[in-house]
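Novice: Coordinates only, no sequence provided:
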């Protein structure tokens, strides 16, 4: 099971830089990078909510399931 986090796609659609997003949602660029690369083992709902608010999107726009 693989959950893909499509933050880069939404950043491109919104013409936003990673640093700007990190500042808006209150996390470090390092933690945002962990999310973007798929190395995160968990995602807090409050972080997901902040991402959706900052990127003006729905959770389904960010999360994707792919079978291994």
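Specialist: Structure's in. What do you need? Just so you know, these numbers come straight off a predicted model, no measurement behind them. Residues are numbered from 1 along each chain as shown.

Novice: what about the helices in the chain?
Specialist: For the chain, helices defined by DSSP state H occupy the ranges 7-14, 18-25, 29-37, 45-55, 59-62.

Novice: Residue 45: neighbouring residues, count only.
Specialist: If you count neighbours by other CB atoms under 10 Å, residue 45 ends up with 8. To be clear about C-beta, it is placed using only N, CA and C from the backbone, and glycine gets the same treatment.

Novice: Who are the contact partners of it?
Specialist: The contact partners of residue 45, by CB atoms under 8 Å, 6 or more residues apart in numbering, come to none.

Novice: now swap in residue 51 and tell me
Specialist: 7, 21, 25, 57, 62.

Novice: Just give me the closest of those residues to residue 47.
Specialist: residue 25 (6.8 Å; CB to CB).

Novice: confidence score at the closest one?
Specialist: We have a pLDDT of 96 for residue 25.

Novice: wait, which of the helices of the chain is closest to residue 68?
Specialist: Ranking the helices of the chain by proximity to residue 68 (CB to CB) places helix 29-37 first, at 17.4 Å.

Novice: Mind listing residues that contact that closest one?
Specialist: Residues outside helix 29-37 that contact it (CB under 8 Å, 6+ apart) are 5, 7, 8, 18, 19, 21, 22, 25, 40, 43, 47.

Novice: residues touching the closest residue to residue 57 other than its chain neighbours, list them.
Specialist: Nearest residue to residue 57, sequence neighbours excluded (CB to CB, 6 or more residues apart in numbering): residue 10, at 5.6 Å. The neighbours of residue 10, taking CB under 8 Å, 6+ apart as the test, are 55, 57, 61, 62.
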